[in-house]
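Undergrad: Need coordinates for the below:
(chains A and B)
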Amino acid sequence: MTFLGLKIWKVTGHSMFPRIPQHSYVLASHWYNFNKIKVNQTVLIKHPQYGLLIKNVAVVDKNNLIWCKGENSSSITVEKLGPVSKQQIIGKVLKIFIKPN
Amino acid sequence: MFYNLINKLDEKIHFSTVSAHCDIPCKIYDPITAQISVLTMIRMVDLLNEMNEKTKLTANDHAQFSRLVAQKESHGKKVKEEITIIWGDFIKAPQLEQFPEIHTLVHSIMLTASSAKQHINKQTTLALLDKVNRFAEIFWESKKVKTHIAVCPYPPEQPIVYPILP
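TA: Numbering: from 1, shown residues only, chains lettered A, B, ... in the order given. The predicted structure follows:
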């Protein structure tokens, strides 16, 4: 369900722990091509091999390709994930909702 | 508060999911591979020590010596690899809280495994087994699985921590 370009997503998997534990929710805005990519920004990626992912931007290289990473060692590595183009980014995380203790 | 609200909404409208993808989230972890690797190292040390008692070595003995050392070496690497995978992928904040000794224990396993690789020393390999057994105990306890210690029914006949499965 999208409202004014905003959508809530449920997070599965552990690669963004401890910042985004499994079963957290994130509020993400739709990604427009004119949006500027920033390092450490948390984004949603449509990856050709792994599907819909939530990752942090690690590096933007000189070819404007984006290399992403998780928050911990269990995450698939930057090298394995490979670079993605701006067109493969579908959202920018604005707010994280973590299950209270 | 917001989380609970969104969670309630999720039960009704089911939000789309996005994956914080792990390397291979298979959830298959078992310290038994590391434990068997240490047993192999101990067995290799026993066989190497038997060779030590011979006064003269034949060409076959030399070939056997190389194979035993190579196996001890590769199983030492395997111990380190298996323990690192469980430590890096399975151990997370709740287990760390429950077993604060785990970082020190894993570091100590790494050092002892290196030492067991470097030397033909039974005491070092036995010390490594003690540490890996403790790691196995912690692993199963964190999964609420009880354990018992039994001597493995094959050489080198050393005590091993086994899970008690229903």
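
Undergrad: How is the residue nearest the centre of chain B assigned, secondary-structure-wise?
TA: In chain B, the centroid-proximal residue (C-alpha atoms, centre = their mean) is B:A34; its distance is 3.2 Å. Assigned with DSSP: H, G, I helix; E, B strand; the rest coil, B:A34 falls in the helix class.

Undergrad: which ones are touching it?
TA: Going by C-beta atoms under 8 Å, 6 or more residues apart in numbering or on different chains, B:A34 touches B:K78, B:V79, B:E82, B:I83, B:I86, B:V132, B:F135, B:A136. No exception for glycine: its C-beta is placed from N, CA and C like everyone else's.

Undergrad: would the third one count as being in a strand?
TA: Just to be clear, that refers to B:E82. No - membership of B:E82 in a strand is not supported by three-state DSSP, which gives helix.

Undergrad: correct me, but it touches B:V38?
TA: No - the criterion here is C-beta atoms under 8 Å, and B:E82 misses it with B:V38 at 10.0 Å.

Undergrad: who has more neighbours, these two?
TA: B:V38 (30 against 22; other C-beta atoms under 10 Å in any protein chain shown).

Undergrad: now the strands for the chain?
TA: Looking at chain A here, since you left the chain open. A:2-3, A:6-12, A:25-30, A:42-47, A:51-60, A:66-69, A:83-84, A:89-97 (DSSP state E).

Undergrad: Can you look at chain B instead?
TA: B:17-19, B:147-151, B:159-163.

Undergrad: Can you point out the buried residues in the shortest one?
TA: Just to be clear, that refers to strand B:17-19. Across strand B:17-19, burial judged by 16 or more other C-beta atoms under 10 Å in any protein chain shown covers B:V18, B:S19.

Undergrad: Check whether it comes near chain A.
TA: Yes - Strand B:17-19 lies within reach of chain A by C-beta under 8 Å from any C-beta of the partner chain, at B:T17, B:V18, B:S19.

Undergrad: which residues make contact with stretch B:129-148 from outside it?
TA: With C-beta under 8 Å, 6+ apart, stretch B:129-148 has contacts from B:29, B:31-32, B:34-35, B:38-39, B:42, B:79, B:83, B:86, B:90-91, B:94-95, B:98-99, B:101-102, B:105-106, B:108-109, B:112, B:149, B:158-165.

Undergrad: Out of the residues you listed, which end up buried?
TA: Counted by 16+ other C-beta under 10 Å, these give B:31, B:34-35, B:38-39, B:42, B:79, B:83, B:86, B:90-91, B:95, B:99, B:102, B:105-106, B:108-109, B:112, B:158, B:160-163 as buried.

Undergrad: Where does chain B get nearest to chain A, residue-wise?
TA: B:A20 (3.8 Å; C-beta to the nearest C-beta).

Undergrad: which phi and psi does that residue have?
TA: B:A20 adopts backbone torsions of phi -90, psi 80, taken as degrees, to the nearest 10.

Undergrad: For chain B, which segments count as helices?
TA: B:2-13, B:32-52, B:59-85, B:93-98, B:102-118, B:122-142 (DSSP state H).

Undergrad: Which positions in chain B make contact with chain A?
TA: So far as C-beta under 8 Å from any C-beta goes, chain B lies against chain A at B:1-4, B:6-7, B:9-10, B:13, B:15-23, B:25, B:88-89, B:92-93.

Undergrad: Let's see that with 6 Å instead.
TA: Residues of chain B lying close to chain A by C-beta under 6 Å from any C-beta of the partner chain are B:2-3, B:6, B:15-23, B:88-89.

Undergrad: These into CSV, with extra columns for distance to B:Q71 and pLDDT?
TA: Listed next are those as CSV, based on distance: C-beta to C-beta, whole Å; pLDDT from 0 to 100:
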residue, distance to B:Q71, pLDDT
B:F2, 57, 86
B:Y3, 52, 90
B:I6, 55, 91
B:F15, 52, 90
B:S16, 50, 89
B:T17, 45, 89
B:V18, 45, 87
B:S19, 40, 86
B:A20, 39, 86
B:H21, 36, 74
B:C22, 32, 69
B:D23, 28, 60
B:G88, 26, 85
B:D89, 26, 80
